[in-house]
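Visitor: Below are the sequence and a predicted model; questions follow.
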2 protein chains.
Amino acid sequence: MDTREFDVVVIGGGSTGENLADVVVRGGLTAALVEAELVGGECSYWACMPSKALLRGTEALAAARAVDGARQAVTGEQDVAATLARRDTFTHGWDDASQAGWVAGAGIELLRGTGRLDGERTVVVTDTDGQGTRLTARHAVAVCTGSEAAVPPADGLREVGPWTPREATSAKEAPGRLLVVGGGYVGCEMATAWAALGSQVTLLQRGPRLLPDLEPEAGEAVAEALRAAGVDVRPGTEVTAARREGTEVVLTTAGGELRGDEVLVAVGRRPRTGDLGLDTVGLPPGEYLDVDDSLQVRGLPWAYGVGDVNNRRQLTHMGKYQARQAGAAIVARARGEQVSLADWSPFVATADRLATPSVVFTAPQVASVGLTRAAAERAGVAHRVVQYDMGGVAGASLHADGYTGTAIALVDTDREVLLGVTFVGPAVAELVHAATVAVAGEVPIARLWHAVPAYPTMSEIWLRLLEGYRDAADRSSSSSA
Amino acid sequence: MDTREFDVVVIGGGSTGENLADVVVRGGLTAALVEAELVGGECSYWACMPSKALLRGTEALAAARAVDGARQAVTGEQDVAATLARRDTFTHGWDDASQAGWVAGAGIELLRGTGRLDGERTVVVTDTDGQGTRLTARHAVAVCTGSEAAVPPADGLREVGPWTPREATSAKEAPGRLLVVGGGYVGCEMATAWAALGSQVTLLQRGPRLLPDLEPEAGEAVAEALRAAGVDVRPGTEVTAARREGTEVVLTTAGGELRGDEVLVAVGRRPRTGDLGLDTVGLPPGEYLDVDDSLQVRGLPWAYGVGDVNNRRQLTHMGKYQARQAGAAIVARARGEQVSLADWSPFVATADRLATPSVVFTAPQVASVGLTRAAAERAGVAHRVVQYDMGGVAGASLHADGYTGTAIALVDTDREVLLGVTFVGPAVAELVHAATVAVAGEVPIARLWHAVPAYPTMSEIWLRLLEGYRDAADRSSSSSA
């Protein structure tokens, strides 16, 4: 078996692994990037990009229809074939040549094959011909293998060949009847997308509400909008069994049987660590990696777990963020430099805990960052909640007739900084970054009054939230006086 | 003549005056608000709101047409009558009953009539019947009379009855041929609006480029887009004379005569201080008021000049910001409290100088905050410029096929904070508030790396700008090493 040595070996060439390799090479180290499928990973080919491409046309048409005067020009229907073809341009026909070219240009050595740990600082790469190469890492092995769709243990569900998010984002046509199991962001986005592209969609959620990790107003607004779009939304519904009858899929629930042409299972993720050789370094296969804030695996100073595989925040942008922070830590440690694990140092992923943004590209969109009310309660942080109807903002009423939406902000009442903000409404995706800067920057409320929103943009919601906080504080001080 | 006494007398009931009165009443003072025209002022009736309402339908249709798949549904034309009717809903048919109701509900006394100073802390209000009321202000008189359109001294121009921005935003139909004099934001927005609503538009700009106060990329992109929309854009063109021939307007320029059905003059503003009794308090009539950072008139401790009338920043949102700061200063001084004039204190309008956002709602939009390159050069601040093609951001390419745009950031290289950011491109209006928070919050670049943009939004431009700054810094340190 060939043997080669690098400073850093990265297993997994998704967006996280690519970024980590790039950072360490920029830091003067050598890096091997091991990828068994497509360089670029889930995000580029089977998640963020194709799902948003499927949704964008629907969003743009809804926005035009919501403005009297423009509405009259939208007399036709969305061209579904063109939308699917546009989606394919973003996935480059599921060909990773351009990404592989970027990797080479960045000075990273790409090794195609399956990477498995084989003891300390050692990775064996097996290519499709079964040829193996043994890689030794002078400084670090970064595991960036990500996650894959979990399939719940309902009787027969795996056997009916359900769609995972991969098939849901890459399908070549809209199924006639689509059953969606799971009301998280994938289920909600795909229900929104395929209902608009012609499918009759039924959305099953085990719990009482959609988007359970977000503020309750989010799931309520999305459920209402999905129903208005003709989706049969069924909260509190668990699938107990599944079978095929000819081309039909039949799901059994406590409320009866449901029939469809395809079923998408989007009930969560599980780590891609089952076939990774974790046992050769004393870790349990099939589990998430337990890491510290520099993404270093606890107990294995040469190993890092970065991205979905550590289950801190399973979002593309947070995987890339972790890659930057872990990469900086690897470079500094390779140089023998001190690596601060203090919050917000250049070597730690503090935002995972305190300032993670996410956008759900449903209609309405849900864009949030930092803590929800429930998370703040759990954390026991003294805070005040301010909420405002976004339809009352001039910029929102200009954007769409009858605009409805909600903004929710949590203020830390001891430190007078924002803990979290959630926006629910059309076209709020770009509003959240201002909140992310405020939360991650720990900008004091007193200073935020000097951050004036331009009139008449939707960002004027900021002024309403600040006023709401001021008024609540005034009431509180006068009632205690 | 009736005589009445208030803690604060506010002359001018536009958005600035309304807000200032509200702040002082919340602070426990009494306030009179004097308004001769419509409560709410220019912004509500003849500027921000109607102009954006005229532009929004065009923007929404362009956005839908830019997405293959959605484009095919836009088979009709914008309904111009419906767009104009929608505009009228935002101006409430130019009736201020709802705003007057808000004033009353806020505990502010509205006095309809023309307010004129009559010596120290005294204002005489003359109503339309010629009845006068003498108001005495215990603590402060706030002059919030704003500005009005300036008409350049070209021979005959005033006599042809040109449109000011008021007529351009309130017109009941699209003129056949519209001549626009002035390539600032009003001229560019109105050229964009009326060209899309059916007018044949010619835009004349005296200087070499449009939007001269913004980064040059802005005016260049807007000029190119206006030309593509059929507008005859003529930089370097000065109007020397004007006349009417029947219903036609004829403008004389060095390059020949231009004919149109209407001419909009949008070449700047002048203060509404000519008939304000400034001479009774020793100030020159017709001039802008000279104020300090708490908006107090220099030399007259009882007088404040707030909003357009002080010529610090002639923007609705900055007038309202100044109103909040000046109102807080008036309340504090009335209580005998100390008023800090330090930057970013609750009593000063520091953002006027360092963090003023503006959005030009042209196609493409221009959204900016803080210093431009030219302003940073003038100020002599050590800085580095980072620029990025926004079409390279995944969120932008999802938003529109062939998205083109530019982002420009200026970093203070001594303090490592942002000095200013400009975005040029479709749908950038909501991107700027994140920059405003970063600039006003003086968030260090090192911390901005923890403010992760959600993928795939257009806000990912932030990552590209940070990378650009890092790479430039790396090159700079390696070249000096």
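Guide: Cool, the structure landed. All of these numbers come straight from a predicted model, not from anything done at the bench.
Visitor: Could you see whether chain B lies near stretch A:448-459?
Guide: Yes. Using C-beta under 8 Å from any C-beta of the partner chain, stretch A:448-459 reaches chain B at A:448-459. Yep, even glycine has a C-beta here, placed from its N, CA and C like the rest.
Visitor: and those, which of them are in strands?
Guide: Among these, no member falls in strands (DSSP state E).
Visitor: Same list (those) but as JSON lines, adding neighbour count.
Guide: Formatted as JSON lines, the residues of stretch A:448-459 next to chain B follow (neighbours: other C-beta atoms under 10 Å in any protein chain shown):
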{"residue": "A:Leu448", "neighbour count": "24"}
{"residue": "A:Trp449", "neighbour count": "21"}
{"residue": "A:His450", "neighbour count": "27"}
{"residue": "A:Ala451", "neighbour count": "28"}
{"residue": "A:Val452", "neighbour count": "29"}
{"residue": "A:Pro453", "neighbour count": "27"}
{"residue": "A:Ala454", "neighbour count": "27"}
{"residue": "A:Tyr455", "neighbour count": "25"}
{"residue": "A:Pro456", "neighbour count": "28"}
{"residue": "A:Thr457", "neighbour count": "28"}
{"residue": "A:Met458", "neighbour count": "28"}
{"residue": "A:Ser459", "neighbour count": "29"}
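Visitor: nearest to B:Arg298, of the residues you listed?
Guide: A:His450 (22.4 Å; C-beta to C-beta).
Visitor: Mind giving me the packing neighbours of the helix or strand of chain A with the lowest mean pLDDT?
Guide: Using mean pLDDT, DSSP states H and E, the weakest-scoring helix or strand in chain A turns out to be helix A:41-46, at a mean of 80. On a contact count with 3 or more C-beta pairs under 8 Å, 6 or more residues apart in numbering or on different chains; DSSP states H and E, helix A:41-46 meets helix A:15-26, helix A:165-170.
Visitor: In which helix or strand does A:Arg134 reside?
Guide: Per DSSP states H and E, A:Arg134 falls inside strand A:132-143.
Visitor: helices or strands next to that strand in the packing?
Guide: Strand A:132-143 sits against strand A:2-11, helix A:15-26, strand A:114-117, strand A:122-126, strand A:303-305, helix A:316-334, with contacts defined as 3+ C-beta pairs under 8 Å, 6+ apart.
Visitor: Which one of those lies nearest to B:Gly183?
Guide: The nearest among the helices and strands packed on strand A:132-143, by C-beta to C-beta, is helix A:316-334 at 39.0 Å.
Visitor: Buried residues in the next helix or strand after the closest one, which are they?
Guide: Remark: after helix A:316-334, the chain's next helix or strand is helix A:351-354, criterion DSSP H and E. Judged by neighbour count (16 or more other C-beta atoms under 10 Å in any protein chain shown), helix A:351-354 contains these buried residues: A:351-352, A:354.
Visitor: Which one of those residues is nearest to B:Thr280?
Guide: Among the buried residues of helix A:351-354, and counting by C-beta to C-beta, the member closest to B:Thr280 is A:Leu354, at 57.1 Å.
Visitor: Now do the closest one against A:Arg312, distance only.
Guide: Taking C-beta to C-beta, to the nearest Å as the measure, A:Leu354 and A:Arg312 are separated by 12 Å.
Visitor: And stretch A:19-30, how far out from the chain middle?
Guide: 24 Å (C-alpha atoms, centre = their mean, to the nearest Å).
Visitor: pLDDT on it, on average?
Guide: Averaging pLDDT along stretch A:19-30 yields 97.
Visitor: got the contact list for the residue of the stretch 101-250 of chain A found nearest chain B?
Guide: Nearest to chain B in the stretch 101-250 of chain A, going by C-beta to the nearest C-beta, is A:Leu197, at a distance of 9.2 Å. Contacts here follow C-beta atoms under 8 Å, 6 or more residues apart in numbering or on different chains; on that basis A:Leu197 touches A:54, A:58, A:78, A:80, A:83-84, A:174.
Visitor: picking up where we left off before, parallel or antiparallel, list what pairs with the helix or strand following the strand holding A:Arg134.
Guide: Once the chain leaves strand A:132-143, the next helix or strand it forms, by DSSP H and E, is strand A:147-149. Partners of strand A:147-149 in the sheet, by DSSP bridges, are strand A:269-271 (antiparallel).
Visitor: gap between the strand it pairs with and the chain center?
Guide: 13 Å.
Visitor: overlap between the buried residues of helix A:351-354 and the residues near chain B?
Guide: Checking those against chain B (C-beta under 8 Å from any C-beta), the matches are A:Ala351.
Visitor: ok, of the buried residues of helix A:351-354, which one's closest to chain B?
Guide: A:Ala351 (4.8 Å).
Visitor: doesn't B:His450 make contact with the closest one?
Guide: Yes. Between A:Ala351 and B:His450 a contact is recorded at 4.8 Å, counting by C-beta atoms under 8 Å.
Visitor: Identify the contacts common to the two.
Guide: Contacts common to A:Ala351 and B:His450, judged by C-beta under 8 Å, 6+ apart, are A:321, A:440.
Visitor: low-scoring pLDDT stretches of chain A, where are they?
Guide: A:479-481 (pLDDT under 70).
Visitor: I'd like to know how far the spatially most central residue of it sits from B:Leu54.
Guide: Taking C-alpha atoms, centre = their mean, the centroid of chain A lies closest to A:Leu315, which sits 3.2 Å from it. Note on A:Leu315: its distance to B:Leu54, by C-beta to C-beta, is 39 Å.
Visitor: Check A:Arg234 too.
Guide: Between A:Arg234 and B:Leu54 the computed distance is 44 Å (C-beta to C-beta).
Visitor: repeat for A:Ala193
Guide: 33 Å.
Visitor: likewise A:Val222?
Guide: For A:Val222, the distance to B:Leu54 - C-beta to C-beta - is 32 Å.
Visitor: Then A:Thr350?
Guide: 45 Å.
Visitor: Neighbour count for those two, which is higher?
Guide: B:Leu54 (29 against 18; other C-beta atoms under 10 Å in any protein chain shown).
Visitor: Quickly check: the helix or strand that contains the more buried one near chain A or not.
Guide: Taking DSSP H and E as the criterion, B:Leu54 maps to helix B:48-65. Yes. Contact of helix B:48-65 with chain A (C-beta under 8 Å from any C-beta) involves B:48-49, B:52-53, B:56-58, B:60-61, B:63-64.
Visitor: Let's have those residues in a markdown table, adding neighbour count.
Guide: Below are these laid out as a markdown table (neighbours: other C-beta under 10 Å):
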| residue | neighbour count |
| --- | --- |
| B:Cys48 | 25 |
| B:Met49 | 25 |
| B:Lys52 | 25 |
| B:Ala53 | 25 |
| B:Arg56 | 28 |
| B:Gly57 | 27 |
| B:Thr58 | 22 |
| B:Ala60 | 27 |
| B:Leu61 | 25 |
| B:Ala63 | 24 |
| B:Ala64 | 27 |
